[in-house]
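K.L.:
Build the 3D model from these lines:
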Amino acid sequence: MTQAHDDVPAGPVAGLAAAVLDIGRPAAVSAGWLVLADPDGAIDLRRLFPDLDVRTEATSTAFSEALETLDPGLIVLMAPPAGPADLQRAALWLTSHADSRAVLLSPHQTVAVRLHALELGFHDAIDLSADPMEVVGRLSIAGRRPPNVSRIPDDRIALAQGVELDRRARAIRRDGRLASLRPKEMDLLEFLAMHPGRAYTREELLQAVWHDATANERTVDVYVFWLRSKIERDPANPRHLVTVRGSGYLFDPPKSGTGGVDSPAQRQANVNEPPTQR
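P.N.:
So this is what the prediction gives:
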């Protein structure tokens, strides 16, 4: 399936895909797949799965734009051309589309990349040097949407005392009342809340949320400042959306039974960098 498998005949693989799809096909097969891949590469999913709506994009930009307008049942990233930023983009998108799935296909030697994809929430990560029957079968399984099964169990995430992120409403709830968020405020907050305790640099956040690591880093600071005004009881002394000097920002979730005492992560962040209006 990689260069070592370029000589795999097209006919048998295509026939194998049809056979896999025909065996035990459930009623809820996804109607659309979105693929980031080289259209001239060794694998052509449109040929392998002719009865499905498969859209292939060759660049990260086109892939991100397609995610904004489509609701694919399956996202397939092939590395290359897919890179770390594309994995982050797909993982973030999955957090608000729990009925969709994502799969990474990468060369045999990129074990760490496949493991990272699984850590991010991908449903499968496939070695391209595997037997063609296994590759096609696992893609077919991943492309089926199980009815009424949500990958993420919680639609609400506690942000602070009396404050929740309502992922369905794409808003926050303060003492039970909804407060609206700008689209990028929602994306940034959701990304940090889904990765509690991990510090992200401004560059990483720009890539994951704005999909542009070269943008002005002050953009992140402004959005964090806005979010703190909506989440923190004392925005000037943040307890949950905190700054870590040399690393960036992290979300430290509220702890039950702390009696208002800062957690270790909060203390570390506040010691490393005094509170700022960032």
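K.L.:
Which stretches in this protein count as strands?
P.N.:
Ranges of strands within the chain are 32-36, 53-57, 74-78, 101-106, 124-127, 156-160, 163-166, 171-174, 177-180, 241-244, 248-251, based on DSSP state E.
K.L.:
Now these in JSON lines, please, with extra columns for distance to A193 and mean neighbour count.
P.N.:
Every residue, glycine included, has its C-beta placed from N, CA and C. Formatted as JSON lines, the strands of the chain follow (distance: least, C-beta to C-beta, whole Å; neighbours: other C-beta atoms under 10 Å):
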{"stretch": "strand 32-36", "distance to A193": "25", "mean neighbour count": "23"}
{"stretch": "strand 53-57", "distance to A193": "28", "mean neighbour count": "17"}
{"stretch": "strand 74-78", "distance to A193": "21", "mean neighbour count": "26"}
{"stretch": "strand 101-106", "distance to A193": "19", "mean neighbour count": "25"}
{"stretch": "strand 124-127", "distance to A193": "24", "mean neighbour count": "20"}
{"stretch": "strand 156-160", "distance to A193": "5", "mean neighbour count": "18"}
{"stretch": "strand 163-166", "distance to A193": "5", "mean neighbour count": "20"}
{"stretch": "strand 171-174", "distance to A193": "10", "mean neighbour count": "18"}
{"stretch": "strand 177-180", "distance to A193": "15", "mean neighbour count": "11"}
{"stretch": "strand 241-244", "distance to A193": "9", "mean neighbour count": "22"}
{"stretch": "strand 248-251", "distance to A193": "5", "mean neighbour count": "22"}
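K.L.:
so which of those strands comes closest to N216?
P.N.:
strand 248-251 (14.6 Å; C-beta to C-beta).
K.L.:
what helices or strands is that closest one leaning on?
P.N.:
helix 183-193, helix 202-205, helix 218-231, strand 241-244 (3 or more C-beta pairs under 8 Å, 6 or more residues apart in numbering; DSSP states H and E).
K.L.:
And the spatially most central residue of the chain, how far from G176?
P.N.:
Most central in the chain under C-alpha atoms, centre = their mean is A91, positioned 1.0 Å from the mean C-alpha point. The gap separating A91 from G176 is 30 Å, by C-beta to C-beta, to the nearest Å.
K.L.:
Likewise for L139?
P.N.:
43 Å.
K.L.:
quick one: low-confidence ranges for this structure?
P.N.:
1-31, 145-154, 256-278 (pLDDT under 70).
K.L.:
Go again with 90.
P.N.:
By pLDDT under 90, the low-scoring segments of the chain are 1-157, 161-162, 166-171, 173-183, 191, 194-218, 244-248, 250, 253-278.
K.L.:
hang on, the earlier thing: thought the residue nearest to the centre of the chain was touching F122?
P.N.:
Yes. Contact criterion C-beta atoms under 8 Å: A91 and F122 qualify, at 7.1 Å.
K.L.:
So for the two, which residues contact both of them?
P.N.:
Taking C-beta atoms under 8 Å, 6 or more residues apart in numbering as the criterion, A91 and F122 both touch A102.
K.L.:
what's near enough to touch L70?
P.N.:
Here L70 is in contact with G32, L34, R55 (criterion: C-beta under 8 Å, 6+ apart).
K.L.:
switch the cut-off to 10 Å
P.N.:
Listed by C-beta atoms under 10 Å, 6 or more residues apart in numbering, the contact set of L70 reads G32, W33, L34, D53, R55.
K.L.:
And the closest residue to the fourth one other than its chain neighbours, how far from A66?
P.N.:
Meaning D53. Nearest non-adjacent residue to D53, counting by C-beta to C-beta, 6 or more residues apart in numbering: G32, 4.4 Å away. G32 is 10 Å from A66, where distance means C-beta to C-beta.
K.L.:
Overlap in contacts, the two.
P.N.:
R55, P72.
K.L.:
can you list the helices and strands packed on strand 248-251 in TSV and add distance to A158?
P.N.:
Formatted as TSV, the helices and strands packed on strand 248-251 follow (distance: least, C-beta to C-beta, whole Å):
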stretch	distance to A158
helix 183-193	9
helix 202-205	21
helix 218-231	11
strand 241-244	13
